[in-house]
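> Quick check, what structure comes out for this input:
(one chain, ligands or ions: 1)
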Amino acid sequence: MALVGAAPLTAAVEAVAAPAAPAGQDYYDKLGVEKIINAAGTYTTLTAACMPPEVRRAVEVAAMHPVRLQELQVKSGEYLAKRLRCEGALVTSGASGAITLATAACMANANGNKPGVLPQDAASLKNEIIVQKSHRYSYDHAMMLTGAVIREVVTLDDYKRAFSEKTIMTNFFNAAEEEDGPQAEIGREQWLEIAHQHNVPCHVDAAADMPPVENLWKYTQMGFDLVCFSGGKGIRGPQNAGLLLGKKHLTDLALRNTNPYGDAVGRGMKVAKEQIVGMVAAVDWLLDQNEESMIAEYSHRAKIIGDAVKGVPSMQISTVTPKIANHVPHLLLKFDPSTVGITVPEVLEKLRAQKPSIELNPNSGHKPNQGIPSDANTLVVGVWMLQPGEAEIVGRSLHSVLTKKA
Ligand SMILES: *Cc1c(COP(=O)(O)O)cnc(C)c1O
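Numbers count the residues shown, from 1 in each chain. Okay, the predicted model is just below:
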C-alpha cells in the first residue's frame, strides 16, 4: 500500500530539487508589483529576507502533502528544541506572534494553567507585565492583545517594588541595550535574577538579534524562560514565521493558546505546514553555514560599493556593525551635500525611482539609531540582503547619482 505513491513522489521531489529556474509563473510581473534591490536590511515592509534554495525546496515538498497539524507542531518543536539547545520550542507566526503567545502562556501559567484567556476577562485575572520605561516599544501591543497590562519601572527599586500577586511575566527588549539606546538602569542579568527571586518568568525579545547564531541558545541558557526570534529576518525562513524558545511548560501553554484552538487568543496567528517546515529548514540551513565567511562576504559587498563612490568629493567611507540587532557590517557614506550638489533624501528618491529600484537603509539621513551612527549627511547601505551581482549595481547607481550622471 505504502509503495503505491512512492514513485511519483520521488520523481516530484527530484524535479523540485533540480537547480533550474523555477517553472512557476511570476506573479509579481503578472500583478505589476515592482521587484526591488534590498540594500536596506531585513525590514518587514521590504518583505525582509529571501529564503535560501534549500529552504524553498523543503517548503515546496511540504506543500504536496496534508499532515496532522498538531503532530507537525509538536514534532517540529521537539526537533527545534534539540537543535537550539532548549527545553521547548514552537514555530509561531513571527516574533510578534511569539510575543503574544508568550504573554498568553505566562498568563495561563499564573492563573492555574487555564488556557483560552479572553482579553475582556483578563482584568479579573493575574495580568501584569513588568517592563523598563526605556524598553517600551511598539510591540507592547503584541502583549496587550491578551488583555495584559504593562507596569512600567525605571529604577532598580521600582522594579523590586513592582512585583505583586498580579504579576505574570517581565519583558526585556534585548536591543534596548545598544550603546546609543536610552540607557536603561537595569541590565539583562540583574533583570532576570530579580524576576526569578519572585518566581516570575522572563521573556526576552531578540527578534532581530541573529547573527551571531549562538544567540539562538545564549538567552535560554542564561535562564530566560522565553525568547522570541523573527523567522524571516537573519534566520531567512518564511517572513510569516518565528520562534518561541524556552521552558517546555511555557511553550506547551503557548501552543495551547494558538491555532487550531478556536477559543485561543492566538487562533488568528496560524502557521501553515509550509511555514512550519520552512522555519525548521531555515534553522537547519543556518546551522550549516559558516558565519565567518558570511560576514566576510558582507564586508566584500560593502567594499565593492564603497570603492565605486570613493572618488566622490568629500566622501567619507566607513562600516559599522551594530552591537545587538542586525549585527552585520553596514556601509556608511558621509558626504557634504553642498560639495556634491545633492542631499541624502534626494539620493534616496533617485535610487528608488530608477530601474531596478533600490532601497537603502532607512537610517540614511537620520540620527543615530539601534547602533547605526547616521546623521543628516550619511547614506546607510545594508548589504546582507543583496543578491549575487547586486552590490555592483548599487555601487554603479550610487556613483551615477552622486556624480549627477543619473
Ligand atoms: C522585527 C521585530 C519584531 C517582529 O517580528 P516579526 O517576525 O515580523 O513578527 C518584534 N520585535 C523586534 C525587536 C523586531 O525587530
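
> pLDDT averaged over the lengthiest strand in the chain - what is it?
For the chain, the strand reaching the highest residue count under DSSP state E is reported as strand 167-173. For strand 167-173, the per-residue pLDDT values average out at 98.

> hmm, who's touching the next helix or strand after it?
The helix or strand immediately downstream of strand 167-173 is helix 188-197, counting by DSSP states H and E. Helix 188-197 is contacted by residues 130, 132, 156, 159-160, 170, 172, 174, 177, 186, 201-202, 204, 222-224 when judged by CB atoms under 8 Å, 6 or more residues apart in numbering. (Glycine included, C-beta is placed from N, CA and C.)

> quick revisit: can you work out which other helices and strands pack against the longest strand of the chain?
Applying 3 or more CB pairs under 8 Å, 6 or more residues apart in numbering; DSSP states H and E, one finds that strand 167-173 makes contact with helix 95-110, strand 128-132, helix 188-197, strand 202-205.

> now with 6 Å?
Secondary-structure packing of strand 167-173 (3 or more CB pairs under 6 Å, 6 or more residues apart in numbering; DSSP states H and E): helix 95-110, strand 128-132, strand 202-205.

> For the second one, which strands pair with it and how are they oriented?
In other words, strand 128-132. strand 149-153 (parallel), strand 167-173 (parallel) (DSSP bridges).

> Can you give me the buried ones in the one helix or strand Glu54 maps to?
According to DSSP H and E, Glu54 maps onto helix 53-62. Buried residues in helix 53-62, defined by neighbour count with 16 or more other CB atoms under 10 Å: 55-62.

> picking up where we left off before, what is the lowest-pLDDT residue among the contacts of helix 188-197?
Among those, Glu177 has the weakest pLDDT, 81.

> Number of residues surrounding the closest residue to that one other than its chain neighbours?
Sequence neighbours aside, Ile324 is the residue nearest to Glu177 in space, at 6.0 Å (criterion: CB to CB, 6 or more residues apart in numbering). Neighbour count for Ile324, taken as other CB atoms under 10 Å: 19.

> And for the one 3 residues further on?
Summarising burial for His327: neighbours were counted as other CB under 10 Å, giving 18.

> And it, how far from the ligand?
Using CB to the nearest ligand atom, to the nearest Å, His327 is found at 12 Å from the ligand.

> tell me the contacts of that residue?
By CB atoms under 6 Å, 6 or more residues apart in numbering, the contact list for His327 reads Pro211.

> And for the one residue in the stretch 251-400 of the chain that gets nearest to the ligand, the neighbour number?
The ligand sits closest to Ala325 of the stretch 251-400 of the chain, with a gap of 6.2 Å, by CB to the nearest ligand atom. When neighbours are counted by other CB under 10 Å, Ala325 registers 24.

> and what of Pro388?
Using other CB under 10 Å, Pro388 is surrounded by 8 other residues.

> Within the helices and strands, which one has it?
Taking DSSP H and E as the definition, Pro388 sits outside all helices and strands.

> Could you measure from Trp285 over to Ala296?
The gap separating Trp285 from Ala296 is 18 Å, by CB to CB, to the nearest Å.
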